[in-house]
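Peer 1: I'll drop the sequence and a predicted model, then ask my questions.
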Amino acid sequence: MSAVLAVLVGLGAVVWYFLGWMSLVQLILVAVVAYIAAGHYRWLFVALKTAPRDIRALINYVKLLIQVKTLQRKDLTLADIFRQNVKKYPNKPCILFEDQEWTFAQVEDYSNKIANIFKSHGYKKGDKVALFLENKPEFVCIWLGLSKLGVITPLINTNLRLTSLVHSITVAKTQAIIFGVELTEAVTEILDKIESKVALYQISCNNNIGTTDQKFHNLDALLKDAPITPPQITEKLGHHDCIVYIYTSGTTGLPKAAVISTSRHCCHFRFIFIAAAIHFLCGFTSDDRFYTPLPLYHTAGGCMTVGQMLIYGSTVVIRKKFSASGYFSDCRKYNCTIAQYIGEMCRYILAVPPKPDDKQHNMRMVFGNGLRPQIWKEFVDRFNIPNVREFYGATEGNANIVNIDNTVGSIGFMSRIIPSVYPISIIKVDPNTGEPIRDAKGLCMPCKPNEPGVFIGKIIPNNPSRAFLGYVDEKASQKKIVHDVFEHGDRAFLSGDILVADELGNLFFKDRTGDTFRWKGENVSTSEVEAVMSNLVDYKDVVAYGAEIRGQEGRAGMAAILDPEESVDLKALAEGIKRALPFYARPIFIRVLRKIDLTGTYKLKKNDLQADGFDPSKVSDNIYYLDSGSGEYRKVTPEIYTKINDGSIRV
């Protein structure tokens with residue numbers, strides 16, 4: 001279709017040049033009539049319907065490319081760009097945190113101090129100094145300062161302990177660790193598991209808590225005497241140098257360090273591209289004041305929002321930890337215009353009892369990813385949100401999209417009229433293995449409208465914005481690349497997410513490959529089950545997954561509900577599920593949890609729950625099964641468990 005358009009545009013230009021406007025108009029009318037006569041009237045309807053959205057996005061995309069290319073041509077680092085904003089707004093609030101207000105000049109001075117300290121300690125371009133620190137202004141200042149030496153900063157999840165913490169430190173080949181005094185115990189626990197040559201720097205960030213342990217450098221003391229002038233270095237730093245490692249927060253396995261770089265280590269470029277893309281596509285301005293309660297060690301808060309401060313001179317409000325009850329009160333307190341969310345945050349906020357001042361704020365937009373379609377409208381209406389910019393993307397990936405027109409439930413779109421401009425697609429996969437389904441030529445098969453498949457982003461050589469950045473672990477990287485996609489020899493980033501596109505190209509998240517399960521001959525989306533059930537139990541945490549029953553084909557639906565007081569009415573829940581879900585998607589088993597594990601970005605973990613299954617001997621939680629006779633949930637005892645597995649009780 002795009003080739004046809006290109007030919008028509010070229011022909012139109014020739015006609016206009018030689019014969020004038022009237023002949024061009026006649027040509028267009030003839031072409032339209034011929035196209036409709038050929039049965040393509042539906043495509044014309046879609047084109048007219050989506051043209052305003054696509055043209056607006058294209059204009060903003062061109063602006064984005066112009067800016068990132070300009071910065072790339074000038075070979076500027078983030079520190080260079082930030083310094084320009086310091087000159088423009090020296091006394092403007094840069095970071096607001098609790099009762100602290102850091103100006104742009106103060107952030108610059110602090111980051112220079114960090115750079116000078118570590119320069120005097122012998123650190124240089126290419127060295128790795130990990131940062132293990134809770135959300136606070138010093139977090140950004142520290143890695144920004146290290147970047148002025150060309151030092152790479154692995155950003156460590158503050159929830160990690162023992163094995164996973166050691167893994168995150170060692171996989172990045174870390175030479176030193178900067179950690180907050182509040183995390184001293186976590187570091188002390190692993191001292192015998194990390195190399196003795198790893199230097200340890202402890203910082204209290206004005207908490208007036210020092211250390212007497214001689215193994216730790218006291219960074220607070222070092223900062224007092226450090227100069228605020230920019231460090232003098234001999235190495236050339238530029239747009240293509242690595243800046244940070246950001247670890248993926250997946251619900252399975254150990255964290256993977258995603259390199260914020262391209263194959264040429266264009267880490268500054270990648271950081272800038274991510275922040276600039278969300279800036280232009282969402283319509284942010286330098287006058288906006290951003291609120292983010294997200295961890296700064298992840299891309300969403302630490303790059304997308306912090307990037308607005310570093311690159312565009314916006315003010316950023318950060319919080320130590322997310323609070324559902326404090327979300328909108330914080331936005332009012334700090335006079336924020338844009339707020340960020342992720343994962344299940346919006347559901348937690350919606351679960352807070354309504355207040356008279358719910359709509360009293362100055363926010364013009366919320367942005368993030370993870371706002372479920374089932375609560376989207378309720379959230380927007382209750383809090384009077386003018387615009388929602390739901391985005392989708394992976395830290396390491398190249399298939400990033402944004403919903404720019406408030407389409408409820410959509411995570412973005414792909415153009416139906418100019419698809420080649422941004423080469424993303426949805427391909428058919430085996431629902432059980434997640435492997436691409438190929439045609440007779442061995443190539444992948446694109447999905448039709450409303451047909452679910454895996455979302456991919458085409459990898460284009462020598463184009464940094466279309467590169468798959470990968471992980472520090474090469475083996476993990478190779479698993480995310482699919483070869484021979486639409487022609488032999490091409491490659492694409494395999495997101496692992498099941499999406500569906502409607503006729504207009506709007507994209508909707510369905511599930512992750514591996515999270516779907518098959519029961520009664522049907523594929524069940526765990527995310528849809530979770531969303532429906534959460535609404536039925538007053539927005540409590542729900543994790544859905546498949547459980548194996550001996551001798552049964554497929555996996556039976558199972559849902560774990562966080563309900564320490566066991567207040568959920570299981571009879572009413574069974575009735576609600578029957579009304580809301582098809583028979584094959586209804587959970588056969590319910591596990592009532594006393595506690596639940598979340599990732600740092602508020603995603604629900606399910607690996608351990610899947611391993612436990614519905615065996616009551618493995619857990620202390622109560623487990624219930626759906627009695628096919630009564631239609632109610634009854635408790636699973638060891639005897640019932642045996643009867644279900646031997647077929648005496650059929651489910």
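Peer 2: Everything's here; your move.

Peer 1: I'd guessed V198 sits against A172; true?
Peer 2: No. V198 is beyond contact range of A172, at 11.1 Å (criterion: Cβ atoms under 8 Å). Heads up, the C-betas are built off the backbone N, CA and C, glycines and all.

Peer 1: and those two? which has more neighbours close in?
Peer 2: Taking V198 and A172 together and counting by other Cβ atoms under 10 Å, A172 has the greater number of neighbours (21 against 16).

Peer 1: what's the closest non-adjacent residue to that one?
Peer 2: In this structure, A172 finds its nearest non-sequential neighbour in P154, 4.0 Å apart by Cβ to Cβ, 6 or more residues apart in numbering.

Peer 1: three-state assignment of D220?
Peer 2: helix (DSSP: H, G, I helix; E, B strand; the rest coil).

Peer 1: Wasn't L310 part of a helix?
Peer 2: Yes. The secondary structure assignment for L310 places it in a helix, going by three-state DSSP.

Peer 1: residues in contact with it?
Peer 2: L78, I81, F82, N85, V140, L144, A275 (Cβ atoms under 8 Å, 6 or more residues apart in numbering).

Peer 1: Pretty sure the fifth one sits in a helix.
Peer 2: Yes. V140 forms part of a helix when assessed by three-state DSSP.

Peer 1: what's the burial count for it?
Peer 2: Burial of V140 is recorded as 25 neighbouring residues (other Cβ under 10 Å).

Peer 1: Wait, it touches L296, no?
Peer 2: Yes. Applying Cβ under 8 Å, one finds V140 in contact with L296, separated by 6.8 Å.

Peer 1: so what's in contact with these two at the same time?
Peer 2: Common contacts of V140 and L296, defined by Cβ under 8 Å, 6+ apart, comprise G302, V306.

Peer 1: Can you pull out the low-pLDDT segments for the chain?
Peer 2: Across the chain, the stretches falling below the confidence threshold (pLDDT under 70) are 1-41, 207-212, 248-266, 394-397, 432, 462-478, 514, 599-604.

Peer 1: ok, now with 50
Peer 2: 1-3, 6-9, 11, 13-17, 24, 27, 250-253, 259-266 (pLDDT under 50).

Peer 1: Restrict the top strand by length along the chain to CA atoms and write it as CSV.
Peer 2: With DSSP state E setting the assignment, residue counts place strand 491-501 as the longest strand in the chain. Listed in CSV are the C-alpha atoms of strand 491-501, where the atom choice follows Å, rounded to 0.1, in the frame of the first residue of the first chain:
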residue,chain,number,x,y,z
ARG,A,491,16.1,-8.8,11.8
ALA,A,492,13.7,-7.5,14.5
PHE,A,493,13.4,-7.0,18.2
LEU,A,494,11.0,-9.5,19.6
SER,A,495,9.1,-7.8,22.5
GLY,A,496,7.6,-10.9,23.9
ASP,A,497,4.3,-9.1,24.3
ILE,A,498,1.0,-10.1,22.7
LEU,A,499,-0.7,-7.1,21.2
VAL,A,500,-3.7,-6.7,18.9
ALA,A,501,-4.3,-3.8,16.4
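
Peer 1: quick one: the helices in the stretch 451-600 of the chain?
Peer 2: Secondary structure of the stretch 451-600 of the chain, counting by DSSP state H, counting those that start in this stretch: helices at 474-478, 526-536, 570-580.

Peer 1: Buried deepest among these, which one?
Peer 2: Highest mean neighbour count among the helices of the stretch 451-600 of the chain (mean count of other Cβ atoms under 10 Å): helix 526-536, with a mean of 22.

Peer 1: That one relative to strand 491-501, how many degrees between them?
Peer 2: Relative orientation of helix 526-536 with respect to strand 491-501: 40 degrees, computed using axes from the mean of the first three to the mean of the last three Cα atoms, to 10 degrees.

Peer 1: Report the inter-axis angle for helix 526-536 versus helix 570-580.
Peer 2: Comparing the axes of helix 526-536 and helix 570-580 via the same axes, to 10 degrees yields an angle of 130 degrees.

Peer 1: and for helix 526-536, what are the contacting residues?
Peer 2: Applying Cβ under 8 Å, 6+ apart, the set of residues contacting helix 526-536 is 347, 372-375, 509-512, 515-517, 540-546, 557, 559, 561, 573, 576-577, 580-581, 585, 587, 604, 606.

Peer 1: Tell me how far it lies from the chain's centre.
Peer 2: Averaged C-alpha coordinates place helix 526-536 at 20 Å from its chain's average position (Cα atoms, centre = their mean, to the nearest Å).

Peer 1: same check, this time on stretch 91-104
Peer 2: From the chain centre to the centre of stretch 91-104 is a distance of 26 Å (Cα atoms, centre = their mean).
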